[in-house]
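Novice: please find the sequence and the predicted model below.
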Amino acid sequence: MNVNFTVSPSFPTERITDWYIFNTWLQRALSMSIHLELYDDFGSQRKAILEGQVDMIYANPFDASLLVRERNFQAIAGPESGDEMVVFTAAEKPFQSITDLRPGVRLSCTDDPSVNTVGRILLEPADIDPADIVTLPTDTYIQVARMVLRDNADIGFMPVDAFEALSGIIRRDLHVLVTSQLHVIHHSFLIGPALLDSREKIAELLVTLHETEKGGSLLAGLGCNRWRRLEHEDVELMIDIISTLTQ
Amino acid sequence: MNDVSSSGVVEKGREYVMHYFDGTSRRVCVTDIETNFPHGKLIVSRTDTAGVITMGNQSFVDMSGYEAHELIGQPHSILRHPDMPAAAFRDLWETVRAGNQWHGYVKNLRKDGGYYWVYATVVPNVREGRVVGYTSVRREPSRQQVLAAETLYRSMNGS
Ligand SMILES: Cc1cc2nc3c(=O)[nH]c(=O)nc-3n(C[C@H](O)[C@H](O)[C@H](O)COP(=O)(O)O)c2cc1C
């Protein structure tokens, strides 16, 4: 069988090559023909999911909700730590904390549903009506940083790993207002109904990957230390938690 | 649930006897010391269908002032503050028992007699079509909303 694999488009673009390298390794290890398709944005990926063109995915937490609850995907593994994000401003701005923000605040962000939902929750202590937040969407995290540095936006949203991947020179001129420490929301490896027979085999490969040097360097390329096994209930709980954040 | 003795209380507080929905009661000590919600975090706990705590994350344990083992297996009302009107929790239970999400501002009582405010959402955990328990996720409320809730709850308590 030919397996279609994808990765939710929330990882830093420098990691694209590492995902192809990982895919080559996975094909060999599983003796399966696996096609990696990386979508440019969440919209086109979601369309592919709905059209049944995805059998295996390293999914953003919000995509996991759709895939597990509506398309019978199963979670097999996930990173050790959660997906965290930062809300930042330019260092020269007067804002010291979230509660210094005022209605009319200009927000630069990408279309990552997970980062954007968590970011909006972290803005809630400022008591700004969502209609009074001016959202300026951009395509990449580098552009989010630029918008803030050039004063085209007051604040930006970014995953922590994307923020840490910015150059020191850029980061020096930014000021983090808050970093999420939710711990309970994370990416997950999901397999679709067509792969359920290989569930154990794939899960075992992923959770032991860090044990070899080669595996360790594959993981490092993807920004992880190791993957841990996920049980179905782990992801069900995460989905329940996400449902409280999206209302 | 055990009485909270004044020995664990930081400042001399007011004593209350709390009467719970299940007919039990206990003595608690209440002070005016607020603990601020930890920025960037969520406080998460789960209960069985009867409201007995089955799991809590680290922020839940830290904010409560109890040890994890003192919370697991206890009714969730262990955190009930005397300033919270009973009607708020009646509404909570009616809403989640009907299969819906409940949202509200809640003032919780810490073991040391202090308090903390949260914006809480409670959801039923539906597994294979059956409700197996409930999860509550709390996030940091704005000061303005806390003040509004304080005023509302005071009027509901008739003082
Ligand atoms: C998942 C879940 C979380 C709850 N969290 C709290 C809480 O943090 N504080 C609280 O006072 N009551 C909480 N409650 C409500 C309690 O079960 C209880 O109804 C309330 O404390 C009032 O006590 P009483 O019903 O004994 O009068 C929660 C209920 C559920 C189902």
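Specialist: Yep, it's here. Just so we're clear, the structure is a prediction, and the values are computed from it rather than from any experiment.

Novice: the helices in the chain, which residues?
Specialist: If you meant another chain, say so; for now it's chain A. For chain A, the helices defined by DSSP state H occupy A:16-30, A:42-50, A:61-71, A:113-123, A:141-149, A:160-165, A:168-172, A:199-207, A:213-221, A:232-245.

Novice: think we crossed wires, I meant chain B
Specialist: Listed in chain order, the helices of chain B (DSSP H) span B:58-64, B:68-71, B:86-97, B:143-156.

Novice: okay, these, which one's buried deepest?
Specialist: With neighbours taken as mean count of other CB atoms under 10 Å in any protein chain shown, the helices of chain B reach their highest mean count in helix B:58-64, at a mean of 19. In this view, the C-beta of every residue, glycine as well, is placed from N, C-alpha and C.

Novice: helices and strands around that helix, which ones?
Specialist: On a contact count with 3 or more CB pairs under 8 Å, 6 or more residues apart in numbering or on different chains; DSSP states H and E, helix B:58-64 meets strand B:43-47, helix B:68-71.

Novice: now residue 134: closest residue in space that isn't a chain neighbour?
Specialist: Just so you know, I chose chain A. Leaving aside its sequence neighbours, A:Val134 sits nearest to A:Arg106 (CB to CB, 6 or more residues apart in numbering or on different chains; 4.6 Å).

Novice: you answered for a different chain; I wanted chain B.
Specialist: In space, and not counting its chain neighbours, B:Tyr134 is closest to B:Thr47: 5.1 Å by CB to CB, 6+ apart.

Novice: got the contact list for the one you found?
Specialist: Taking CB atoms under 8 Å, 6 or more residues apart in numbering or on different chains, we find B:Thr47 in contact with B:53-54, B:76, B:133-134, B:136.

Novice: what's the closest of the residues you listed to B:Cys29?
Specialist: B:His76 (19.5 Å; CB to CB).

Novice: kindly provide the distance from the closest one to chain A.
Specialist: 16 Å (CB to the nearest CB, to the nearest Å).

Novice: burial measure for that residue, as a count.
Specialist: Residues near B:His76, counting by other CB atoms under 10 Å in any protein chain shown, number 21.

Novice: near the ligand, which residues of chain B?
Specialist: B:20-21, B:45, B:47, B:51, B:76-77, B:79-80, B:84, B:86, B:89, B:92-93, B:106, B:108, B:122, B:134-136 (CB under 6 Å from any ligand atom).

Novice: swap the cut-off to 8 Å and go again
Specialist: Neighbours of the ligand within chain B, by CB under 8 Å from any ligand atom: B:19-22, B:45-47, B:51, B:53, B:75-81, B:84, B:86, B:89-90, B:92-93, B:96, B:106, B:108-109, B:118, B:120, B:122, B:133-136, B:138.

Novice: from the residues you listed, keep the buried residues only.
Specialist: B:45-47, B:51, B:53, B:75-81, B:84, B:89, B:92, B:96, B:106, B:108-109, B:118, B:120, B:122, B:133-136, B:138 (16 or more other CB atoms under 10 Å in any protein chain shown).

Novice: residue farthest from the centroid of the chain?
Specialist: This is for chain A. Most distant residue from the mean C-alpha position of chain A: A:Pro94, 29.7 Å away (CA atoms, centre = their mean).

Novice: the intended chain is chain B.
Specialist: Going by CA atoms, centre = their mean, the residue of chain B most distant from its centre is B:Glu128, 28.4 Å out.

Novice: do you know how far that residue is from chain A?
Specialist: Note on B:Glu128: its distance to chain A, by CB to the nearest CB, is 10 Å.

Novice: how close does that residue get to the ligand?
Specialist: The gap separating B:Glu128 from the ligand is 20 Å, by CB to the nearest ligand atom, to the nearest Å.

Novice: so what's the residue nearest to A:Val134 up against?
Specialist: Contacts of A:Arg106 (CB under 8 Å, 6+ apart): A:134, A:136, A:152-155.

Novice: confidence score at it?
Specialist: Listed pLDDT for A:Arg106 reads 98.

Novice: try the one 5 residues further on
Specialist: According to the prediction, A:Asp111 has pLDDT 88.

Novice: and for the residue nearest to it when sequence neighbours are not counted, the neighbour number?
Specialist: Closest residue to A:Asp111 apart from its sequence neighbours, by CB to CB, 6+ apart: A:Phe42 at 5.1 Å. Look at A:Phe42: counted by other CB under 10 Å, it has 19 neighbours.

Novice: show me what contacts the nearest residue to B:Thr54 once chain neighbours are set aside?
Specialist: In space, and not counting its chain neighbours, B:Thr54 is closest to B:Arg46: 5.0 Å by CB to CB, 6+ apart. For B:Arg46, the contact set (CB under 8 Å, 6+ apart) comprises A:237, B:53-56, B:125, B:133-136.

Novice: residues from chain A in reach of chain B?
Specialist: Within chain A, the positions adjacent to chain B are A:97-99, A:121-122, A:124-127, A:178-184, A:233, A:236-237, A:240-241, A:243-245, A:247 by CB under 8 Å from any CB of the partner chain.

Novice: is it true that A:Leu182 touches B:Lys41?
Specialist: Yes. If you go by CB atoms under 8 Å, A:Leu182 and B:Lys41 touch, sitting 6.8 Å apart.

Novice: returning to what we had before: so which of the contacts of B:Thr47 sit within strands?
Specialist: Using DSSP state E, the members of those that fall in strands are B:53-54, B:133-134, B:136.
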